[in-house]
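> Mind looking at a prediction? Sequence and model below.
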Amino acid sequence: MRDDRDDFINLGEIIAVLLEYKWLILAVTFFAVFIGAVVAFVSTPIYRADGLVQVQDSKGPKGGLAALRDVEAVLGENSSVTAELEILRSRMILGRVVERLRLDIRATPDYFPIFGRALARRYNGEQPAAPLLGLGSYAWGGERITVQTLEVPSYLVGLPLTLIAGDNGGFTLYDDQDQPLLDGSVGQPASSADGKTTLFVAELVARPGTHFDLARISQIQAIAALREDLEVRERARQSNVIEAAYSDADRAEAERLLNEVLNAYVRQNVEYRSAEADATLAFLEKQLPELKAQLDTAEAAYNDYRQTRGSVDLTLETQSVLSSIVKVDADVVELQQKRDELRQRFTPEHPQVKAIDSQLGRLRAVRGTLDKDVNRLPDTQQTALRLRRDVEVATALYTNLLNSAQQLRVARAGTVGDVRVIDPAATAPLPVAPRKALILLLSGVLGVLGSLGLVWAIRSLRVVVEDPQTIERELSLPVYATVPDSKDEAVLSRAIARGKTDKGQLLATAHPDDDAMESLRSLRTTLHFALLGAEKGSVLITGPAPGVGKSFISKNLGAVLAQAGKRVMLVDGDLRKGHINKAFGIGRGVGVSDYIMGAASIEQIVKPTGIDNFSLVTTGQIPPNPSELLMHPRFAALLAELEKQCDVLIIDAPPVLAVSDAAIIGRQVGATLLVARAGRHPVRELEQAIKRFDQAGVEVKGFVFNGFDLTRQRHRFGYEGYHYQYKYKA
């Protein structure tokens, strides 16, 4: 039946993996936080200046266009403010700022890469800082430069230049190929030999030999750089208030640049508002001399006629007609001027143009009627009326035009734009970036995520057996014992290596209550039943590869069997590298190889271990042909004779996948056990070990699972096995 628990994420398994790789996770996380701290330290603080501008809608739409205002309100849009936002970021505005502040000239000290700027930023001395590590060409703090003029040939525009400070305020300018361009001094204009490069340095504070980076960039580049750090947006929907902000590493510079942008924007708006008045005034000032000449001509003609004819008095009827004609003619001239102005913007079919045409038609009709009245007058009266009319019409037009021009001059002088600065630029005392706490937090999170990804990659590439259940499920062989990691064994091994304890001590005798020994006692019981019915009472213990702990299992299993009253013999069957004798403090002496070659008897090769009922047979002299010796009949005879002298014979053999010795020995014993270590072997490796024995005709009885991490496995709820401690108390 399929286990439904396989469908769920095993939280215990996840916790176990995290505990297994806890030091890797901590190391990666710490490294990430360290990198984040370095980034936070070396990052240049950025300050943000902001200001507010109000846009006043003084010329709102009227009539049918007013309906559009309601639609904009519903849609949450404000076309006038949107246009002003684009104007504020336009080249027209930013170009003026670039020209006024000379932002197309860049001049900065040359700092040491990565951390030089951070160190210079924290320097508070009055004089430039002394160079570190003898690197005098770099700026280390306190250096300043102000360049007011930098003119270069077109081929040097945008290229990096280098200014090297000299003694007594002198300096030398080099091009991008490190060729000198000019020499100069602070406060004095300097020019190259060909006159194409000019430089004026107003201020230079630096040690002699300090390098400064200079560049003359194009206006387009300067505008783009200014626009990149400039933010503009409507403060709130339909508020007609624009919020402008500028970010810079220098607080004062951020305020200065933003204020200049706002002032340029307001000046442009005022200029645009007064442009119409300027155009009208220019037109009027052009017309005034012509009207004045017409007035002078009319007055001269009228005076000449009076002198020729004598005094000519107009009758009341004639004066009435004259007044009407003057008024009509003045109205016609005024309407004609308005029509000419409208025709510059609209077609003849526009309603306003057609309305003026209609008024002009009515006035011309009235003028025709008045002309008929004039024709009925006597000739003398008609001539006097015409001349007098010319004078009064010219006088009225000239006077009106003169008054209009004066009014426009006054209006232009008092013109204000429809935008105004509410809040000038101001900068908060603390930088807006970098946000150091956030950087550390994010670096920590990224470190954890990165370490988890690394763990996942390691686990994906290293698919190994972690628990005995996998062996039983994948290989269909029993696990006779699960031996946990022993801290006591590690301590004991180090003590023996340092000579701080006797070499003859085993974990089974030094720490009999260790969890590993409890597991071997369980193996002792299981082994008893495994050997029931077997023709031989011998057990082969080996592993697929070196370093799995087979010798640890062999010697301590023998000890616990002996402690149970069994007569036990341990044979070191590794004729290549066997050294199990060292664990008992016994020399190699004569052993298996010597017996097979007939150089020693059984009595000579069996040695006591110092533990009751427990004897040891060493390898003897290391032979050049161990496999051939193990295939010799005397080896089989040796095992048969040793089995007669003990209850359990344990043979510790070399790894089966490394050499064929274990497979040869396996044909002479009653049971073969494979030792597998947790987290060491892929399933494929264990399959190959079993296959190697199968090919030799040896049946593997089962496994001993060594190196089991109890701390980790407590969290593995997916493992259906349990390990308890049950100890006696005195």
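That came through fine.

> got the buried residues for the helix or strand hosting residue 529?
Here residue 529, judged by DSSP states H and E, is contained in helix 515-530. Across helix 515-530, burial judged by 16 or more other C-beta atoms under 10 Å covers 515-524, 526-527, 530. For glycine as for every other residue, the C-beta is placed from the backbone atoms N, C-alpha and C.

> got it, and stretch 597-605?
Buried residues in stretch 597-605, counted by 16+ other C-beta under 10 Å: 600, 605.

> contacts for that stretch?
For stretch 597-605, the surrounding residues in contact (C-beta atoms under 8 Å, 6 or more residues apart in numbering) are 589-592, 594-595, 617-618, 620, 623, 629, 634, 638, 641-642, 645.

> what stretches of the stretch 451-600 of the chain score poorly on pLDDT?
The stretch 451-600 of the chain contains residues with pLDDT under 70 at 497, 499-504, 533.

> Given the next helix or strand after the helix holding residue 529, what are its sheet partners and their directions?
Next along the chain after helix 515-530, taking DSSP H and E as the criterion, comes strand 538-542. Here strand 538-542 is paired, per DSSP bridges, with strand 648-652 (parallel), strand 671-677 (parallel).

> Around residue 456, how many other residues sit close by?
12 (other C-beta atoms under 10 Å).

> measure the residue nearest to residue 436 when sequence neighbours are not counted to residue 123 for me?
In space, and not counting its chain neighbours, residue 436 is closest to residue 40: 4.2 Å by C-beta to C-beta, 6 or more residues apart in numbering. Noted for residue 40: a distance of 19 Å to residue 123, by C-beta to C-beta, to the nearest Å.

> now residue 136
Separation of residue 136 from residue 123 (C-beta to C-beta): 15 Å.

> And for residue 341?
Distance, residue 341 to residue 123, using C-beta to C-beta: 66 Å.

> just residue 150 next, same as before
Applying C-beta to C-beta to residue 150 and residue 123 gives a distance of 27 Å.

> So which of those two has more stuff around it?
Set residue 150 next to residue 123 and count neighbours by other C-beta under 10 Å: residue 150 wins out with 22 against 13.

> so who does that one touch?
Each residue near residue 150 by C-beta under 8 Å, 6+ apart is listed here: 105, 107, 198, 199, 200, 214, 216.

> Apart from its chain neighbours, what residue comes closest to residue 190?
Leaving aside its chain neighbours, residue 190 sits nearest to residue 184 (2.7 Å; criterion: C-beta to C-beta, 6+ apart).

> Spit out the contact partners of the one you found.
The neighbours of residue 184, taking C-beta under 8 Å, 6+ apart as the test, are 170, 171, 173, 190, 199, 201.

> And the next helix or strand past whatever helix or strand the third one lives in?
Residue 173 belongs to strand 170-174 when assigned by DSSP H and E. Tracing the chain past strand 170-174, the next element assigned as helix or strand by DSSP H and E is strand 180-185.

> mind listing what's buried in that next one?
For strand 180-185, a neighbour-count test (16+ other C-beta under 10 Å) marks 181, 182, 184 as buried.

> Provide the strand pairings for it, with the direction of each partner.
Counting by DSSP bridges, strand 180-185 is paired with strand 170-174 (antiparallel).

> what are the ranges of the strands in the stretch 1-150 of the chain?
47-55, 105-109, 144-151 (DSSP state E, counting those that start in this stretch).

> now for the ones you listed, which one comes closest to residue 404?
Minimum separation from residue 404 across these (C-beta to C-beta) falls at strand 47-55, 30.0 Å.

> What are the contacting residues of the closest one?
Taking C-beta under 8 Å, 6+ apart as the rule, strand 47-55 contacts 80-81, 84, 88, 235, 240-251, 254-255, 257-259, 262, 265-266, 418-428, 431-432.

> Among the contacts of residue 184, find me the one that's closest to residue 479.
Nearest to residue 479 out of the contacts of residue 184 is residue 173 (C-beta to C-beta; 81.2 Å).

> Could you point out the bridge partners of the closest one in the sheet?
Going by DSSP bridges, residue 173 forms beta bridges with residue 163, residue 182.

> Quick check, it in contact with residue 201.
No. Counting by C-beta atoms under 8 Å, residue 173 stays clear of residue 201, with 9.3 Å between them.

> between those two, what contacts are shared?
Residues touching both residue 173 and residue 201 (C-beta under 8 Å, 6+ apart) are 163, 184, 190.

> for these, which one is nearest residue 492?
Taking C-beta to C-beta as the measure, residue 492 sits nearest to residue 163 out of those, at 71.6 Å.

> Thought residue 139 was touching that closest one, still the case?
No. Assessed by C-beta under 8 Å, residue 163 is found out of contact with residue 139, at 11.6 Å.

> which residues does residue 149 contact?
Residues near residue 149 by C-beta under 8 Å, 6+ apart: 102, 105, 189, 198, 199, 200.

> now the first one: how far from residue 185?
Applying C-beta to C-beta, one obtains 20 Å for the distance of residue 102 from residue 185.

> What of the fifth one?
Distance check for residue 199 against residue 185: by C-beta to C-beta, it reads 11 Å.

> The last one now?
Here the criterion is C-beta to C-beta. By it, residue 200 lies 10 Å from residue 185.

> any idea where the strands of the stretch 551-700 of the chain begin and end?
Under DSSP E, counting those that start in this stretch, the stretch 551-700 of the chain gives strands at 568-572, 606-608, 614-617, 648-652, 671-677, 700-708.

> could those go into a markdown table alongside distance to residue 49 and mean neighbour count?
Formatted as a markdown table, these follow (distance: least, C-beta to C-beta, whole Å; neighbours: other C-beta atoms under 10 Å):
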| stretch | distance to residue 49 | mean neighbour count |
| --- | --- | --- |
| strand 568-572 | 83 | 27 |
| strand 606-608 | 90 | 16 |
| strand 614-617 | 86 | 24 |
| strand 648-652 | 80 | 26 |
| strand 671-677 | 66 | 25 |
| strand 700-708 | 64 | 23 |
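
> For these, could you give me CSV that also reports distance to residue 401?
Shown next, in CSV, are the strands of the stretch 551-700 of the chain (distance: least, C-beta to C-beta, whole Å):
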stretch, distance to residue 401
strand 568-572, 128
strand 606-608, 136
strand 614-617, 132
strand 648-652, 125
strand 671-677, 110
strand 700-708, 109
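
> Would you tell me which one of the buried residues of strand 180-185 comes nearest to residue 505?
Set against residue 505, the nearest of these by C-beta to C-beta is residue 181 (83.5 Å).

> wait, what's in contact with residue 618?
Contact analysis of residue 618 by C-beta under 8 Å, 6+ apart lists 572, 578, 580-581, 586-592, 605, 607.

> Separate out the buried members of those.
With burial judged by 16+ other C-beta under 10 Å, the buried subset of those is 572, 578, 580, 581, 586, 588, 590, 591, 592, 605, 607.

> which residues does the first one contact?
What it means is residue 572. 578, 579, 580, 581, 591, 592, 616, 617, 618, 619, 652.

> Tell me, how many residues neighbour the second one?
Read it as residue 579. 12.

> Report the helix of the protein that spans the greatest number of residues.
helix 251-309 (DSSP state H).

> orientation of that helix relative to strand 47-55 in degrees?
Put simply, helix 251-309 runs at 30 degrees to strand 47-55, going by axes from the mean of the first three to the mean of the last three C-alpha atoms, to 10 degrees.

> what packs against the helix or strand following helix 251-309?
The helix or strand immediately downstream of helix 251-309 is helix 316-343, counting by DSSP H and E. If you count contacts as 3 or more C-beta pairs under 8 Å, 6 or more residues apart in numbering; DSSP states H and E, helix 316-343 packs onto helix 351-375, helix 379-413.

> need those in CSV with distance to residue 451 and mean neighbour count, can you?
What follows is the helices and strands packed on helix 316-343, written out as CSV (distance: least, C-beta to C-beta, whole Å; neighbours: other C-beta under 10 Å):
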stretch, distance to residue 451, mean neighbour count
helix 351-375, 76, 13
helix 379-413, 71, 16
